[in-house]
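# coords please:
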Amino acid sequence: MKISIIDIGSNTIKLVIYDVKKDNSFMGIHQESSKVRLGESLAYSDSLKEQSILKSIDVLLMYRDIAKLESANKVICVGTSAVREAKNNKYFIDQVLRKTGLKVRVLSGEEEAYYSYLGASMSTCIPNGLFFDLGGGSLEVVYTEDFKVKKVQAFPLGALRLTRTFANQDGSFSKKDCDNMSQTILDTLPSKKSYGIGIDSLLVGIGGTLRALGRYDQKRAAYPFEKIHNYRLTLSTIDSLRKDLSYLKTDVISSLLPLDSTRVETIVAGTHVIHSIMKKFDFEELVISGYGLREGILASFIQDPNTLQNHSIESLEKQILKILSYHCYKHDISGFGLDDMMHDMIYYKLLKEREVEILSYALYTLSGLPETNKHYSLFYHILDEDYPRLTYREQVILALSIVYSKKIRTGEELFYKYNHLLKPQNLKSIQKIAILVKLARIIIKTRSQIRIKLTENEKMIFTIIPTHKSFPNILLKQIIQKVSTIFDIPVQYNLPNKIDTIKHSTATDKIISIKSQT
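Residues are numbered from 1 along each chain as shown. Below is the predicted model:
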C-alpha cells in the first residue's frame, strides 16, 4: 500500500509518498519540496496573501498528479502554523478543496507537537527527552518521561517568522538584530524548572534547519558517511555555527552551505533558536531526528485510519504509547530463545547491556537479510539503515560485528578504515558480539537450548541441549575455542549424550564434559 502525506508549512509544502509493508513498516519512496512562503505575510498581517494561496494551489495540483502517477492509495493533506493562524484560513481550505479535491486537515499546535514527537520517538526510542520541532512558523516542544508525554507547548518561534521580524530587507542580520532576536527567543521559552527535566533526559531536534546544520558540520569534520538521522551536535558546535553565520549575507551563506534558497534565508534565525533551546534548558548535546511530523501522522493513520478525522488529545496519547510499545520494544533477544543466555552474560559481567542490545540488532538484521558473501556491500547497507536506540558509533559497531562474524579479515580492514569514529575498547566489543553471533546462529538453526554459568574459579560453562540428532559438534568446538580466546577465560561446554533420553532424565545424568581450554 502507498500512502502520500502532504505537509503545508509556513515556508514550504512537502510531499512524501511511503510504501507501507504488511508488517506496517514503511519507507519513503518519493519526496518533493516546494518553496511557497505561505506564512510570509503573517509577520505583518493576519491573513494569507492571495498570491501565496494561488502558488500553493499550483503546487498541490502538481502533488496530486504525482500521487496519482505513483498509484498512492491514500492522500493525507495537513496544514500547520500558517494555515492554523491565518484569519482567512477557511477561504484557503475551501479554495484548495474546490480546485484540487484535497481536503486540508488543519492541525492544532498541540496536535502538531504530538505527531512530530511520535515520528521522532519511534525512530530514536529515547524514553526521557525534550523533543522540539522547528518549522517556519512555529516551534513545538514536547517533554517526555518513560515515553509518556508530560508537557506540550507551541511557540511563535518559527525560523521564517523570526527572519521576517528581525532581518533586514536583504535577509541579513546586524549584531543588534541578532541580540534582539535571541532575547525574544529566550524570553518566550519557558524555564527548565517549569518542565522538571530529569538528569537523564536527552534533547532531540526535528526540522530542516537542524538537518542542514548537521550536514554542514559533517562536511566541516570530513565525516565519512552521508547520514543525518541520529547524528549528534554539541552546544559548542551550534555556538560556533551561530557565530560563523549570523552576520553573513545570504549569498555568502549559500556558497558555504549546500542549501536550497528556502533554507539559506532562515538558517540564521533557526540556529539562534536551537542555540537558545540548548542554553535555556541546559543541554550540552542534541540528537538529530530525520523523522518527524509526516512519519508520526503516517504511523497514526496505519494504526487507526480514523485518528486524524476524529480524536481527542487523550486518545492520541494512548495511541502513541501503543505505537511506541511496538516500535521501541520489539528489538530484544527473546524472539531467538536466547533470553537466559544474554541475561547470564550481563549478570556475570561478560557483556555490557549495550553490547547485548547491539547483539540483538545483529541477529534481527541477519534474520531479515539474504545470505551474501559481499561483505563490503553488507557493511554499508547496515550503516544506511536507521536503528532506534543506537548511536552512530554503536551502528558502526553493529555493522563491523556482523562483517567480523562472516569474514574477520574484511572486518579488520573496515575497522582500521573507520577506527577514528570508535574508541579503543570498541574492538573487543566487536569481537565479542561477532563470535556470539556465530554461536547464536548454531543455537537458533538447531533449535537448541543454551545456559551459561561462571564457576568460582572464573571458568565459563556453556550447557547446550540440542533438539536435533544431527548437531555440528566440530563447528561448535571451534567457536567455543574462539569464545575462550576473545573473552580471555577458560570455557567448557556440555552436550547431552543421547538426545532422545534428555526428556526422561535430569540434565546431569546424560551430560558429557568437553574442555576447550583450561
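
# Point out where the stretch 351-500 of the chain drops to low pLDDT.
468, 496-500 (pLDDT under 70).

# wait, the chain
When residues are selected by pLDDT under 70, those of the chain lie in 258-262, 330-337, 468, 496-518.

# same thing but at 50, please
Applying pLDDT under 50 to the predicted model, the residue ranges of the chain that meet it are 498-518.

# what's the burial count for residue 163?
Residue 163: 22 surrounding residues under other CB atoms under 10 Å. The way it works is simple: take the backbone N, C-alpha and C, and place the C-beta from them, glycine included.

# The residue lying closest to it once chain neighbours are set aside and residue 414: what is the separation?
Once its chain neighbours are removed from consideration, residue 163 has its nearest residue in residue 269; the separation is 4.6 Å (CB to CB, 6 or more residues apart in numbering). Taken as CB to CB, to the nearest Å, the spacing of residue 269 relative to residue 414 amounts to 41 Å.

# Show me what the helix or strand hosting residue 122 is packed up against.
Of the helices and strands defined by DSSP states H and E, residue 122 is found in helix 109-124. Under the contact criterion of 3 or more CB pairs under 8 Å, 6 or more residues apart in numbering; DSSP states H and E, helix 109-124 touches helix 81-85, strand 129-134, strand 139-145, strand 148-155, strand 202-206, helix 293-303, helix 313-327.

# buried ones in the helix or strand following the fourth one?
What it means is strand 148-155. Once the chain leaves strand 148-155, the next helix or strand it forms, by DSSP H and E, is helix 159-166. Taking 16 or more other CB atoms under 10 Å as the basis for neighbour counts, the residues of helix 159-166 that come out buried are 159-164, 166.

# looking at it, the residue nearest to residue 163 is touching residue 166, isn't it?
Yes. A contact is recorded between residue 269 and residue 166 when judged using CB atoms under 8 Å, the distance being 7.1 Å.

# got the contact list for the closest residue to residue 150 other than its chain neighbours?
Nearest-residue entry for residue 150: residue 143, 5.0 Å, with adjacent residues in sequence omitted and distances by CB to CB, 6+ apart. Residues touching residue 143, when contacts are defined by CB atoms under 8 Å, 6 or more residues apart in numbering, comprise 129-131, 149-152, 195-197, 201.

# Only whichever of these are buried, select them in ChimeraX.
The buried residues among the contacts of residue 143 can be selected in ChimeraX (16+ other CB under 10 Å) with this line:
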select :129,130,131,149,151,152,195,197,201
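
# Residue 88: which of the contacts of residue 143 is nearest?
Nearest to residue 88, judged by CB to CB, of the contacts of residue 143 is residue 152 at 27.1 Å.

# where do the strands sit along the stretch 351-500 of the chain?
449-454, 460-465, 491-496 (DSSP state E, counting those that start in this stretch).

# buried sites along the first one?
Residues 449-450, 452, 454 are the ones in strand 449-454 that count as buried (16+ other CB under 10 Å).

# re earlier: roughly how far apart are the residue nearest to residue 150 and residue 129?
8 Å.

# Need the residues touching each of these two.
Residues touching both residue 143 and residue 129 comprise residue 201, with contact defined as CB under 8 Å, 6+ apart.

# follow-up on the earlier one: what would the strands of the stretch 351-500 of the chain look like in CSV with distance to residue 54?
Putting the strands of the stretch 351-500 of the chain into CSV (distance: least, CB to CB, whole Å) gives the following:
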stretch, distance to residue 54
strand 449-454, 67
strand 460-465, 71
strand 491-496, 74
